[in-house]
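>>> no FASTA, just this:
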């Protein structure tokens, strides 16, 4: 069981993740040395929680977090991927535990709250993921009630292979968008029957609602949920779910624009990457170095007409039979970068190490800037539809 108290927390040590990780590895400093005992207990707690997590088998995605570093003048100075260590996971597991405890307590007391809901993927999204898996030689079994462990088996097949990141991204894109609701429909990704957001009331309104629900449930004051709040929980849930989606879109668009600005100084440079999507109008490529996504317009590919197969996510040359498909390693040249839209236009040079004949028109015929903006808008709309997640 668990108990809740109305209290204030003072962050006395204010350690960084790196300091806590170093302490766990035996590298104590002047700040962590006096805290060696409590830190050891925390990491022991984390390791016990990971055993419980393994039994629960939540979705085990491994997606590196990109870090864009800005100068004081607001210019991008570097783009890198953050290393995720046990100290990060420790905090995450403790937060999940606290969120579950809040949901359980309010349910046991018969009090209304906002649940964090994540429903299972739709059949269409799952079929799309199976297709991606097939194209990379992996398998996601059919004809069964889907559980997270089935997806984890697919992720395990991809782990350590050249398709690792692509399968993780495809799995993420197959997920439904998480949302808030007064009704409990469970959390598929975390493999939990009930879940709420409780740990971040200073930055998420849903957490503040849960805090106020706990205040009401325990009779701790008159600043809990009012009758009006309870009556309008459905409207509140809808409003903050929509606000979250807008925020996520704004974050993605901002990152795209920063990356385009950063890469605009490297026009004509060549980059290694992987095909992450194939559409009727072109090929999406994720660049290894920065994780940026760019578009190779179909009009610029090769010196022949390519037929698009949406089922196989591939393009096939009408004259040579050359196939361009999702998952292939490619070498591309940066043809255009538009910081205003965040669009990157690429020229395809090599597919799986083989050079591609250059088209007579080239990647920039027909007015590149106008077409780049139009293609970016189209590509962004398609990408938003395909990568919604909770």
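Done, it's in. Predicted model, so just to flag it, every value in this text is computed and none were measured.
>>> where does the protein have low pLDDT?
143, 357-390 (pLDDT under 70).
>>> what packs against the longest helix along it?
Longest helix in the chain by number of residues, with DSSP state H as the criterion: helix 233-263. Judged by 3 or more CB pairs under 8 Å, 6 or more residues apart in numbering; DSSP states H and E, helix 233-263 is in contact with strand 65-70, strand 76-82, strand 179-181, helix 205-218, strand 329-338, strand 343-351, helix 368-386. Bear in mind the C-beta positions are built from the backbone N, C-alpha and C, glycine included.
>>> What residues of it count as buried?
Within helix 233-263, the residues scored as buried using 16 or more other CB atoms under 10 Å are 233, 236-237, 240-241, 244, 248, 252, 255-263.
>>> Buried residues, the next helix or strand after that helix. List them.
Next helix or strand after helix 233-263 toward the C-terminus (DSSP states H and E): strand 270-279. With burial defined by 16+ other CB under 10 Å, the residues of strand 270-279 counted as buried are 271, 273-279.
>>> go on, stretch 102-113?
With the criterion 16+ other CB under 10 Å, stretch 102-113 contains buried residues 102-107, 111-113.
>>> Widest-spaced pair of those residues?
Maximum pairwise distance among the buried residues of stretch 102-113 (CB to CB): 14.5 Å, between 104 and 112.
>>> Does residue 352 touch residue 331 like I think?
No - using CB atoms under 8 Å, residue 352 makes no contact with residue 331, being 9.7 Å away.
>>> neighbour-wise, which of those two wins?
Per other CB atoms under 10 Å, whichever of residue 352 and residue 331 has more neighbours is residue 331, with 19 against 11.
>>> And residue 300, how close does it get to residue 318?
16 Å (CB to CB, to the nearest Å).
>>> if you count what's nearby, which of the two comes out ahead?
residue 300 (22 against 10).
>>> right, and the more buried one touches residue 348 too?
Yes - in this structure residue 300 lies within contact range of residue 348 using CB under 8 Å: 7.2 Å.
>>> Let me see the contact set for residue 45.
90, 94 (CB atoms under 8 Å, 6 or more residues apart in numbering).
>>> From residue 39, how far off is it?
11 Å.
>>> for residue 211, same thing?
Distance from residue 211 to residue 39, by CB to CB: 27 Å.
>>> In terms of neighbours, single out the busier of the two.
Just comparing residue 211 and residue 39: by other CB under 10 Å the higher neighbour count belongs to residue 39, 21 against 18.
>>> Give the full set of residues in contact with that one.
20, 23-24, 32.
>>> List just the nearest of those to residue 181.
For those, the nearest to residue 181 is residue 20 (34.8 Å; CB to CB).
>>> show me the contacts for the nearest residue to that closest one once chain neighbours are set aside.
Distances taken as CB to CB, 6 or more residues apart in numbering put residue 87 closest to residue 20, at 4.2 Å, once the chain neighbours are dropped. Going by CB under 8 Å, 6+ apart, residue 87 touches 17-18, 20-21, 24.
>>> Tell me the one among those residues nearest to residue 207.
Among these, and counting by CB to CB, the member closest to residue 207 is residue 17, at 21.3 Å.
>>> And for the closest one, the neighbour number?
So residue 17, with other CB under 10 Å, has 16 neighbours.
>>> List the residues that contact it.
So residue 17 contacts 85, 87-88, 91 (CB under 8 Å, 6+ apart).
>>> Of those residues, just the buried ones, ChimeraX syntax please.
To isolate the buried subset of the contacts of residue 17 in ChimeraX, counting by 16+ other CB under 10 Å, use the following:
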select :87
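>>> can you redo the contacts of residue 17 as JSON lines with secondary structure and distance to residue 155?
Below are these laid out as JSON lines (DSSP: H, G, I helix; E, B strand; the rest coil; distance: CB to CB, whole Å):
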{"residue": "85", "secondary structure": "coil", "distance to residue 155": "20"}
{"residue": "87", "secondary structure": "helix", "distance to residue 155": "23"}
{"residue": "88", "secondary structure": "helix", "distance to residue 155": "19"}
{"residue": "91", "secondary structure": "helix", "distance to residue 155": "23"}
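>>> Run a quick check on residue 198 versus residue 102, I expect a contact.
Yes - using CB under 8 Å, residue 198 makes contact with residue 102 at a distance of 3.8 Å.
>>> any residues in contact with both of the two?
Common contacts of residue 198 and residue 102 (CB under 8 Å, 6+ apart): residue 210.
>>> ok so, going back, highest mean neighbour count out of the helices and strands packed on helix 233-263?
Of those, the one with the most neighbours on average (mean count of other CB atoms under 10 Å) is strand 343-351, at a mean of 23.
>>> nearest to residue 164, of the contacts of residue 39?
residue 24 (26.2 Å).
>>> Count residues in the vicinity of the residue lying closest to the closest one once chain neighbours are set aside, would you?
Closest residue to residue 24 apart from its sequence neighbours, by CB to CB, 6+ apart: residue 43 at 4.9 Å. Using other CB under 10 Å, residue 43 has 18 neighbouring residues.
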